[in-house]
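Sequence isn't available, so here's the structure alone:
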């Protein structure tokens, strides 16, 4: 899949045509994983070469470091002497993210020598693996030096020099700072500061035996283990490390037992697992970095099932990232933003397709789990399957309607859509299916009311029309303006309520209703839309007066409007509240400013004919 007119003697990676269709059905395999590692090796070589060329363009960057020419020579010699060992080092996720960060910084005008540490550490480790004697300096970052695949050297505060001296000979590495030195351990042993030694934290691995043995580095040290800027080490104590080990062991055993194809594709592709810090407002948080193929970041999950689905989720991102390094699925960014059913913020097309592929993997996971479990576990899995299937269906429709797909991208996502369509015959308990649909609709309506804003002149005209005569509105409204809400996340509580209701015994564990919005959500999920609608109208009538208007809605106000739309599904107000809640809200605010306080459902019903005409056009 590429031009046949390539320079003689220059090989080009070619994705087998059949693999594009296979990947579009989520069919990973060990063979495809090995192929992606080959292509990533070429990309990593190009990254390192480009970084060295960039550094050579500014001699001031290496005033206190060995010249880049010596780095190039030692890397060349090491790859010649021990090609497999050095290539394995080159492919370490920390090497990729560290070198990519340095290149971005240099191209952004930064001149901080600390940013070059990843390149010089790579050369030092390559020399050690090849048994080549070499000496260099390594710049400190926040009082430490990271050696990818090995560990972190911690430098005492009294050392003022911004470098450590590093030497390798006969495969061993020595570090020295001031009067302190360290022979870097070759095993996963923690070395605390003692006498004249430097401190050392080794990278520790987790190994899971079984039909598919897994070995993963649990990375709590590398400054480039996160997505963007460097982060400080967050060393897990022995108890926390044991807990993560148990979680990963159980998650991997679950994948091997019930999700074999996912485990088979992942076993050779998962290199490092980086624990993320828990963030308020998030449940289990996970991420992956396109420059760190093989690395998954995840916050501590509540159980092994959550970790298993997080691994599947992020490995989908890793797989698509490998594909995108070979094949463009989207045209260059045109600035357009789209609705993504799993995100509270609007996304560019390149971000949307990442989520589409990841949530396809999530839906497949829950589909398989629903078939492999019973009782409460099966009810939970059915809900998550129905919910993520709906998210896939909606996002694929949006993706395929976008003008920015390439021909290959359109083929890929068309086949993915057809694959999801085959799941529609899977049996799901009708009540669970309804709650999944309700949850999906709530996110879309809330997303719209948070980010869409009708034109003020149009709102004023509609309010004047309401005041002038009670006849239904007929003028077709124009499109709303997208203005991203200042808060990335919003406190959408309805999913938690629906998840409690699909679990046997979960209803009794529901939180008590502290206000009309919470009471309305409980009534809505329990199948009493009339009571729910009264609760949402009561909240909007007594509290929204000081909130609605040009300003972005608060979380509670957004929840109230969403609940009102969902509880009005069988009323004349349904279409306006579901399709244009932003317009209904704005007209209500305009009328309130004029001293009138009609019920939002009345305004929505009045607007319905105009919106019906809009849809017809």
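Perfect, I can see it now. A quick note: this is a predicted structure, and the numbers were derived from the prediction, not measured. Numbering: from 1, shown residues only.

Name the residues of stretch 412-425 that are buried.
Residues of stretch 412-425 classed as buried by neighbour count (16 or more other C-beta atoms under 10 Å): 412-413, 416-417, 419-420, 423. Heads up, the C-betas are built off the backbone N, CA and C, glycines and all.

quick one: which of these is nearest to residue 562?
residue 420 (25.3 Å; C-beta to C-beta).

which residues of the stretch 151-300 of the chain score low on pLDDT?
Applying pLDDT under 70 to the predicted model, the residue ranges of the stretch 151-300 of the chain that meet it are 190-197, 280-282.

Let me see the domain layout of the chain.
Here the domain assignment for the chain is 31-201, 338-427, 435-616, based on automatic domain parsing.

Kindly reformat those domains as CSV and extend each row with distance to residue 275.
Below are the domains of the chain laid out as CSV (distance: least, C-beta to C-beta, whole Å):
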stretch, distance to residue 275
domain 31-201, 14
domain 338-427, 20
domain 435-616, 21
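
Determine the three-state secondary structure at residue 168.
strand (DSSP: H, G, I helix; E, B strand; the rest coil).

Neighbours of it, how many?
24 (other C-beta atoms under 10 Å).

Now do the contacts for the nearest residue to it once chain neighbours are set aside.
Of all residues not flanking residue 168 in the chain, residue 128 sits nearest, at 4.3 Å (C-beta to C-beta, 6 or more residues apart in numbering). By C-beta atoms under 8 Å, 6 or more residues apart in numbering, the contact set of residue 128 is 168, 171-173.

which pair in these spans the largest distance?
171 and 173 (8.3 Å).

between these two, which one's more packed in?
Counted by other C-beta under 10 Å, residue 171 and residue 173 do not tie: residue 173 has more neighbours, with 22 against 13.

worst average pLDDT in the domains of the chain?
Note on the domains of the chain: domain 435-616 shows the lowest mean pLDDT, a mean of 86.

And the domains of the chain: which comes nearest residue 241?
Minimum separation from residue 241 across the domains of the chain (C-beta to C-beta) falls at domain 31-201, 10.7 Å.

ends of the closest one, how far apart?
35 Å (C-alpha to C-alpha, to the nearest Å).

chain center to it, what's the gap?
Put simply, domain 31-201 sits 28 Å off its chain's centre (C-alpha atoms, centre = their mean, to the nearest Å).

Equivalent analysis for stretch 386-401, please.
17 Å.

Is residue 565 in contact with residue 578, as I believe?
Yes - using C-beta atoms under 8 Å, residue 565 is in contact with residue 578, at 5.1 Å.

Please identify every residue contacting each of those two.
Joint contacts of residue 565 and residue 578 (C-beta under 8 Å, 6+ apart) are 441, 445.

Settle it for me: which of these two has more neighbours?
Shown here are residue 565 and residue 578; by other C-beta under 10 Å, residue 565 has more neighbours (31 against 19).

Dig out what the residue most central in space within the chain forms beta bridges with.
With distances taken as C-alpha atoms, centre = their mean, the residue of the chain nearest its centroid is residue 287 (4.3 Å). For residue 287, the beta-bridge partners are residue 297 (DSSP bridges).

What are the neighbouring residues in contact with it?
Taking C-beta under 8 Å, 6+ apart, we find residue 287 in contact with 226-227, 276, 296-298, 314.

Would you state the helices of the stretch 351-500 of the chain in chain order?
375-401, 407-421, 430-451, 456-468, 494-502 (DSSP state H, counting those that start in this stretch).

From the contact counts, what lies against the second one?
Helices and strands in packing contact with helix 407-421 are listed as helix 17-24, helix 349-372, helix 375-401; criterion 3 or more C-beta pairs under 8 Å, 6 or more residues apart in numbering; DSSP states H and E.

of all those helices, which lies closest to residue 56?
Closest among these, once you apply C-beta to C-beta, is helix 349-372, at 31.4 Å.

relative to helix 430-451, how tilted is the closest one?
160 degrees (axes from the mean of the first three to the mean of the last three C-alpha atoms, to 10 degrees).

Give me the buried stretch members for helix 349-372, please.
Neighbour-count burial for helix 349-372 [16+ other C-beta under 10 Å]: 349, 351-370.

what's the answer for stretch 26-44, then?
Those would be 26, 28, 32-33, 35-37, 39-41, 43-44, for stretch 26-44 by 16+ other C-beta under 10 Å.

Make CSV from those residues and add distance to residue 386 to it.
Shown next, in CSV, are the buried residues of stretch 26-44 (distance: C-beta to C-beta, whole Å):
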residue, distance to residue 386
26, 18
28, 24
32, 29
33, 30
35, 34
36, 31
37, 36
39, 36
40, 36
41, 41
43, 38
44, 41
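
Out of these, flag the one nearest to residue 270.
Relative to residue 270, the closest of those is residue 33; by C-beta to C-beta it sits at 9.4 Å.

give the contact list for the nearest residue to that closest one once chain neighbours are set aside.
Nearest residue to residue 33, sequence neighbours excluded (C-beta to C-beta, 6+ apart): residue 269, at 4.3 Å. Contacts for residue 269 (C-beta under 8 Å, 6+ apart) come out as 33, 36-37, 293-294, 315, 318-319.

Make a markdown table from those and add distance to residue 401 and secondary structure to it.
Converted to a markdown table, the contacts of residue 269 look like this (distance: C-beta to C-beta, whole Å; DSSP: H, G, I helix; E, B strand; the rest coil):
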| residue | distance to residue 401 | secondary structure |
| --- | --- | --- |
| 33 | 32 | helix |
| 36 | 29 | helix |
| 37 | 35 | helix |
| 293 | 31 | coil |
| 294 | 34 | coil |
| 315 | 28 | helix |
| 318 | 27 | helix |
| 319 | 24 | helix |
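
Nearest to residue 345 among these?
Proximity of the contacts of residue 269 to residue 345 (C-beta to C-beta) peaks at residue 318, which lies at 22.5 Å.

Surely that closest one and residue 294 touch.
Yes - Residue 318 is in contact with residue 294 according to C-beta under 8 Å; the separation is 6.9 Å.

So for the two, which residue has more residues nearby?
residue 318 (28 against 25).

show me the contacts for the residue lying closest to that one once chain neighbours are set aside.
Closest residue to residue 318 apart from its sequence neighbours, by C-beta to C-beta, 6+ apart: residue 288 at 5.4 Å. Neighbouring residues of residue 288 by C-beta under 8 Å, 6+ apart: 295-297, 314, 317-318, 321.

rerun at 7 Å
295-297, 314, 317-318 (C-beta atoms under 7 Å, 6 or more residues apart in numbering).

For it, give its distance to residue 253.
As judged by C-beta to C-beta, to the nearest Å, residue 288 and residue 253 stand 22 Å apart.

Same question for residue 552.
To residue 253, residue 552 is 46 Å away according to C-beta to C-beta.

same check, this time on residue 445
Residue 445 is 40 Å from residue 253, by C-beta to C-beta.

Then residue 430?
For residue 430 relative to residue 253 (C-beta to C-beta), the value is 33 Å.

More neighbours: the two, which one.
Between residue 430 and residue 253, counted using other C-beta under 10 Å, the more crowded position is residue 253 (19 against 8).

Quick check: closest non-adjacent residue to that one.
Nearest to residue 253 is residue 210, by C-beta to C-beta, 6+ apart, at 6.5 Å.

Phi, psi for the one you found please.
phi 140, psi -170 (degrees, to the nearest 10).

just to revisit the earlier point, I'd like to know which of the helices and strands packed on helix 407-421 lies nearest to residue 148.
Closest among the helices and strands packed on helix 407-421, using C-beta to C-beta: helix 349-372, at 25.4 Å.

Give me the buried positions along stretch 568-587.
Under 16+ other C-beta under 10 Å, the buried positions of stretch 568-587 are 568-569, 571, 573-587.

From the opening residue of it to its closing one, how far?
18 Å.

Now tell me what touches that stretch from outside.
So stretch 568-587 is contacted by 445, 448-449, 452-454, 459, 462-463, 477, 480, 529, 533, 548, 561, 564-565, 600-601, 603-605, 607-608, 611-612 (C-beta under 7 Å, 6+ apart).
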